[in-house]
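J.: Sharing a model that was predicted from the sequence below.
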Amino acid sequence: MALSQATYRMGLTLAIGAAGGLLANAVHLPGGPMAGALVAVGGMQVLGTRLEEPPSWLRTSGRIVLGITIGATVTAETLRVVATSLAPVAVMVVFMLVLGLVTAWALTRLARMAPATAFCGASPGALSAMVTLADELGGSAPVVASMHLVRLVSVMLVVPPFVQGAFAPAPEAVGPLLTSAAGGGPLFWRQAALLVLGVAAGLLVTRLRVPAGDLVTGMVVAAVANPAVLHLPDLPITWKLFAQITIGAGVGATITREALADFKPFALAGGIMTVFLMASGLALAWVLSQVTSLDLITCIVGCAPGGADTMIILAGEFGANVPLVTAMHVSRIIILMVLLPPLIHLAVRRTKTPPAAARPTPVPGPMGEGG
C-alpha cells in the first residue's frame, strides 16, 4: 500500500509539473516549461498537497537529455567562441567562488551558522551536490537545501522578466535544433541512436559520481557524435519539454513547508545573501560585457548564482551563447566540489565550532546545477 501511495504521489508530481510546464510554454512564460513546472509543483507542495520527488533515474535522464539538446547545437564556430572566451570565463568563475566564500565566512560570523552549512549554502549553484556534501560533512542538509531553493526561485523570478523586459529577445533566438521532427524515416533512427548513446553514457558516468557528469556527458556525446557521424538537422521538441519539465518538477518537489520552517531561523541572513549574490552577479555581468566581446545576456545568465540546469535552459530561451554559459556554470561546479571539503574542514578547526547535527532529510535530485 505504501508503495502504491508513493507511486501515486510521484505520478501526481509529474502530472502537475507537465501541466504547469505546458501552460508556461503555451503562454511564453519567462523561463519556459521549467519555470512553469517548478512553480506548479512547488505551489501545490506549500498548499498542502502531498507529492513525491521524481525517481533519481528520471531526474538524471532529464539532465542527460538536456545535455544532448545542448551538445547537438555545438558547431566549429561555437567551439571557437568558447576558446576565445577563456579569460572572461576564468574571471567569472574565480569571482563567484570568492564571493561565495566571503558570504559563507560572514554567515559563520554574523549568523552563527555552522561552517559546513554556511559554505555549502553560500556556494553559487550545485544544489543537490551541496546538500549531499553538507550532509556528509556534518552540516544541516535541510537548511542548505532551503538556502539554495530560495536563491534558485529568486533567480527564476527575477532574471527572466529582467532579460525579457530589458532586451526583448526575439523568439527565433532559441536554437533551431529544438524544433519538431518527423519520425519513421532514417532521421528517426539517427535521433534514436543519439538518444540511446547519450543516455547510456550519461548513466555510466553518473555511477562514477562525477560532478555534473550526467549533464556534461550528454553534451559531449552529442557534440562529438552529431557532426562526426549522425548529421542531425534537428531534434524533437519533445526532448526539450521532457528535460525542462522533469528538472522543474524535481526542484519544485523539494519546496515543502518543512524545508521553509528549517530555513526560518536563517531567513534574514539568507535573504540578504540572496540579494547580495544576485546583485554582485549582475554587476559582474555588466563589467564583463563592457570589457570583453561577450553580449550582456550571456554574461547575465552565466554570472547568475542559480543552478546550472536552470541557467542553461534560460540561455537557450533568450538566445544567449549556450556552450559558453554551460562552460561557466559547469566549471564552477567542478571547482566547488574539489575545494569545499578541505576548506570546510579548515574552517571547522579554526573556529572550533562543532558541526551541526545532520538531520535525516530526502536529498533533492540531481540539479547541477541548482540553487
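T.: Good, I have the coordinates.

J.: in the stretch 201-350 of the chain, which spans are helices?
T.: Applying DSSP state H, counting those that start in this stretch to the stretch 201-350 of the chain gives helices spanning 213-225, 237-252, 257-263, 267-291, 296-303, 308-317, 322-351.

J.: now the angle between helix 296-303 and the longest one, please.
T.: Angle between the axes of helix 322-351 and helix 296-303 is 30 degrees (criterion: axes from the mean of the first three to the mean of the last three CA atoms, to 10 degrees).

J.: Next, the buried residues of helix 322-351.
T.: 322-334, 336-337, 340, 344, 347-348 (16 or more other CB atoms under 10 Å). Yep, even glycine has a C-beta here, placed from its N, CA and C like the rest.

J.: The second one too?
T.: Within helix 237-252, the residues that count as buried by 16+ other CB under 10 Å are 239-252.

J.: tell me the contacts of the closest residue to Thr49 other than its chain neighbours?
T.: Nearest residue to Thr49, sequence neighbours excluded (CB to CB, 6 or more residues apart in numbering): Leu12, at 7.5 Å. Leu12 makes contact with 49, 51-52, according to CB atoms under 8 Å, 6 or more residues apart in numbering.

J.: Out of the residues you listed, which comes closest to Val155?
T.: Proximity of the contacts of Leu12 to Val155 (CB to CB) peaks at Leu51, which lies at 22.5 Å.

J.: picking up where we left off before, pull out the buried members of the contacts of Leu12.
T.: 51-52.

J.: would JSON lines of the contacts of Leu12 with pLDDT and distance to Ile68 be doable?
T.: Shown next, in JSON lines, are the contacts of Leu12 (pLDDT from 0 to 100; distance: CB to CB, whole Å):
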{"residue": "Thr49", "pLDDT": "82", "distance to Ile68": "32"}
{"residue": "Leu51", "pLDDT": "85", "distance to Ile68": "27"}
{"residue": "Glu52", "pLDDT": "82", "distance to Ile68": "26"}
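
J.: what's the farthest-apart pair in the buried residues of helix 237-252?
T.: Counting by CB to CB, the most remote pair of these is Trp239 and Gly252, 20.5 Å apart.

J.: pLDDT-wise, which helix or strand of the protein ranks last?
T.: When the helices and strands of the chain are compared on mean pLDDT, DSSP states H and E, helix 127-136 comes out lowest with a mean of 64.
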